[in-house]
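Engineer: output the structure for:
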Amino acid sequence: MSTEDKPFFDDPNAALREIAQNPAAYAHYLADFNRVVLDMQAKLEILQRETRVHCRGTRVEGDKMGQAFLRSFPVEKSLNDILKNLKSISSGLEKSAHKRHAHDEKVKEVKKNRKEKAQIKARKNNPPLQAAPENAGQQGAQSPNVGYGGPTSIYSLGGRESA
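Structural biologist: Numbers count the residues shown, from 1 in each chain. Have a look, this model is predicted:
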């Protein structure tokens, strides 16, 4: 066997493959990422506030009203965009963990539904044999339903026309 057939290291994606197969591990892994993102978000919010105070407070001699704000606007906008993206990343991580759990629940439900449908189909194709109702004791007595549904003979049609 040559060295080309043997890998020199283990599969680097094996751990992630196992995490992807287990919804609890998946949620835990994404929660770790979410903690990092939320920590970055908190620090960037502080940086945003301090940058706003500094940039808006930096005035040049001869500035008119609002010129310091207009100069600081691009810096503030870039930080606001970063914070907005971090918030969407955070909510996306949470949503992904919930959807992963919902996927496993749906798979279990599909298995159960298919099993029930197979049982219903089997019952439909092979219905259980039912014994005919025994009316041997009631031959002389009239049945409670004396109409078209009751047992009659051709001699006791009593004025009705036959088909």
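Engineer: what average pLDDT does the helix or strand where G92 lies get?
Structural biologist: Here G92, judged by DSSP states H and E, is contained in helix 67-125. Mean pLDDT, computed over helix 67-125, is 91.
Engineer: which secondary structure elements does it contact?
Structural biologist: Helices and strands touching helix 67-125, by 3 or more CB pairs under 8 Å, 6 or more residues apart in numbering; DSSP states H and E, are helix 23-57. (Each C-beta comes from the backbone N, C-alpha and C, glycine too.)
Engineer: so who does E76 touch?
Structural biologist: By CB atoms under 8 Å, 6 or more residues apart in numbering, the contact set of E76 is Q48, T51, R52, C55.
Engineer: return the member of those nearest to E109.
Structural biologist: Q48 (45.1 Å; CB to CB).
Engineer: so what's the residue count around the nearest residue to the closest one once chain neighbours are set aside?
Structural biologist: Nearest residue to Q48, sequence neighbours excluded (CB to CB, 6 or more residues apart in numbering): L79, at 4.4 Å. Applying other CB atoms under 10 Å, we find 16 residues neighbouring L79.
Engineer: same question for the one 4 residues further on.
Structural biologist: Here the neighbour count serves as a burial measure; for L83 (other CB under 10 Å) it reads 16.
Engineer: what's the answer for N22, then?
Structural biologist: Neighbours of N22 (other CB under 10 Å): 13.
Engineer: residues near the closest residue to N80 other than its chain neighbours, how many?
Structural biologist: In space, and not counting its chain neighbours, N80 is closest to Q48: 7.1 Å by CB to CB, 6+ apart. Residues lying near Q48 (other CB under 10 Å) number 17.
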